[in-house]
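A.B. asks: predicted structure and sequence below. I'll ask about it afterward.
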Amino acid sequence: MPTRLKSITETSWLVLSDSDERVGLLTSVKDKYTLMVKNVKRNFTSKQEINDYFKEDVFSHIVEDEREDEVKRDYFIKGFPVDFDGPFEIVIPGNSLPLFSKKAGSEIFYSAGYYCLHFPKNWMPAFCPKLSTLQAYEYLGPYKTEKEMRFLLGKIRKEKNDRSKQTRNEGEER
């Protein structure tokens, strides 16, 4: 088995031996290459020089890292986005929120989508909050996009600021 390169980024590769042991690190900056092996740096000006060094075309043996667990999937409950892989949809009679749990049989429920939550001092953004949070505080939502939620949150905060300015002005007139 030949020496192989395993992509780390578009311009850096792990150099692997024929037994899959890490031999070194190869990086590229502006079509110049640096190979680091056991604390020794070696510079190359072309891919051909690197191939000559290894006595083979190492660029024809680039391995892409494809780990299944790192693939991010998009999940939705009733059309609203979820921030968790593999959610379990929950239906509670009389509740129309897009609810889910992270584990089958869990008693902790979350609501899919974006929300504006009214905490004691201010309105705050939330993504997939717990159902218990929605039951404890006033909220607006769910919204399907962060942009929509942020627009309404800005509008709510502006109205709150305008009301507090008006209240202060009325107090000064007295």
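C.D. replies: Thanks, I have it. Numbering: from 1, shown residues only.
A.B. asks: low pLDDT regions in the protein?
C.D. replies: Residues of the chain that meet the criterion pLDDT under 70 lie in 1, 64-73, 165-174.
A.B. asks: any chance you could map the helices in it?
C.D. replies: Ranges of helices in the chain, per DSSP state H, are 47-54, 131-136, 146-173.
A.B. asks: buried set for the longest strand anywhere in the chain?
C.D. replies: When secondary structure is assigned using DSSP state E, the longest strand within the chain turns out to be strand 22-29. Applying a neighbour-count criterion of 16 or more other C-beta atoms under 10 Å, the buried positions in strand 22-29 are Val23, Gly24, Leu26, Ser28. Placement of C-beta: from N, CA and C, glycine included.
A.B. asks: what angle do that strand and helix 47-54 make?
C.D. replies: What separates the directions of strand 22-29 and helix 47-54 is an angle of 160 degrees, with axes from the mean of the first three to the mean of the last three C-alpha atoms, to 10 degrees.
A.B. asks: just checking: what are the partner strands of strand 22-29?
C.D. replies: For strand 22-29, the paired strands and their directions (DSSP bridges) read strand 12-16 (antiparallel), strand 32-37 (antiparallel).
A.B. asks: ok, which of those comes nearest Ala112?
C.D. replies: The stretch from the strands paired with strand 22-29 with the least distance to Ala112 (C-beta to C-beta) is strand 12-16; that distance is 37.8 Å.
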